[in-house]
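*Asks:* Need a 3D model of the sequence below.
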Amino acid sequence: MVSLMKGAPAHVSGGRTCLQCGVVAARADATICRRCGLPLGAPPRSEGALASCPVCYVTTADDGRLDSRANPGRRIDMVDHLAEHDRFPVGDDEYLESLRRGDQIRIGRWDAPYDMVRRYLVTGVVDGGSRRSAQHGAIVTAMAQLARWRGDRVPLIGDQAEWAEARAAVGELMERYHRTRR
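*Replies:* Numbers count the residues shown, from 1 in each chain. Just a heads-up that it's a prediction; the model follows:
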């Protein structure tokens, strides 16, 4: 990821990015994207899949750009958006990585798929990914309950002690993950 330092130019890709897939030109004289074949900087195809950020999971708009957080009112490509995450992190990923065990994450006394938990912390959506169903366990159930009812404010009919304990563990993780980094 490119770091935006104070005084560094805001536009790090220099307009050499494909707005369809987000690939940066490998050479300064390149005019066509080596991945999807579109001219660099050209609007994305209307029928093509748009690029999604691997950090915050947001998908580009129809013009292949996203709103800038550093410069409100400015539209930027995916490369510049990724660079802005250095200044505007979505959460404490270093802490989350410390809980990781391979492709799983340990939350309290439970394990859950790391990618699914991170996506939930960032977006609030419980998603097993394309063509996969979510691995159901106490943590996934807790995330689904939190996403639907937003915490323990609503008493759940037929609630189980393990679900309540898992919701508390996920709630603590959410609070810790979203603390602003200093």
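
*Asks:* give me the low-pLDDT residue ranges for the chain?
*Replies:* 1-15, 128-136, 150-157, 180-182 (pLDDT under 70).

*Asks:* how does it look with 80?
*Replies:* 1-16, 48, 127-136, 148-159, 180-182 (pLDDT under 80).

*Asks:* excluding its backbone neighbours, what's nearest the residue most central in space within the chain?
*Replies:* The centre of the chain sits closest to residue 56, judged by Cα atoms, centre = their mean, with a distance of 2.3 Å. Leaving aside its sequence neighbours, residue 56 sits nearest to residue 90 (Cβ to Cβ, 6 or more residues apart in numbering; 4.9 Å). Where C-beta positions appear, they are placed from N, C-alpha and C, glycine not excepted.

*Asks:* what's the neighbour count on the one you found?
*Replies:* Residue 90: 17 surrounding residues under other Cβ atoms under 10 Å.

*Asks:* Is it in a helix, a strand, or coil?
*Replies:* coil (DSSP: H, G, I helix; E, B strand; the rest coil).

*Asks:* Identify the residues contacting it.
*Replies:* 55, 56, 122 (Cβ atoms under 8 Å, 6 or more residues apart in numbering).

*Asks:* quick one, what contacts the last one?
*Replies:* By that I understand residue 122. So, once contact is read as Cβ under 8 Å, 6+ apart, residue 122 ends up touching 55, 56, 57, 90, 91.

*Asks:* What residues of the strand or helix carrying it count as buried?
*Replies:* In the assignment (DSSP states H and E), residue 122 maps to helix 114-123. The neighbour-count criterion (16 or more other Cβ atoms under 10 Å) identifies 114, 116, 117, 118, 119, 120, 121, 122 as the buried residues of helix 114-123.

*Asks:* Not counting its neighbours along the chain, what's nearest the fourth one?
*Replies:* Translated: residue 118. Going by Cβ to Cβ, 6+ apart, residue 118 has residue 96 as its nearest residue, at 6.2 Å.

*Asks:* how about the helix or strand hosting the one you found: buried residues?
*Replies:* Under the criterion of DSSP H and E, residue 96 resides in helix 93-98. Under the neighbour-count criterion of 16+ other Cβ under 10 Å, helix 93-98 has 93, 96 buried.

*Asks:* and if you look at stretch 17-32?
*Replies:* Residues of stretch 17-32 classed as buried: 17, 18, 19, 20, 21, 22, 23, 24, 25 (neighbour count, 16+ other Cβ under 10 Å).

*Asks:* Which neighbouring residues are in contact with the fifth one, exactly?
*Replies:* Under the criterion of Cβ under 8 Å, 6+ apart, the contact partners of residue 21 comprise 33, 35, 36, 51.
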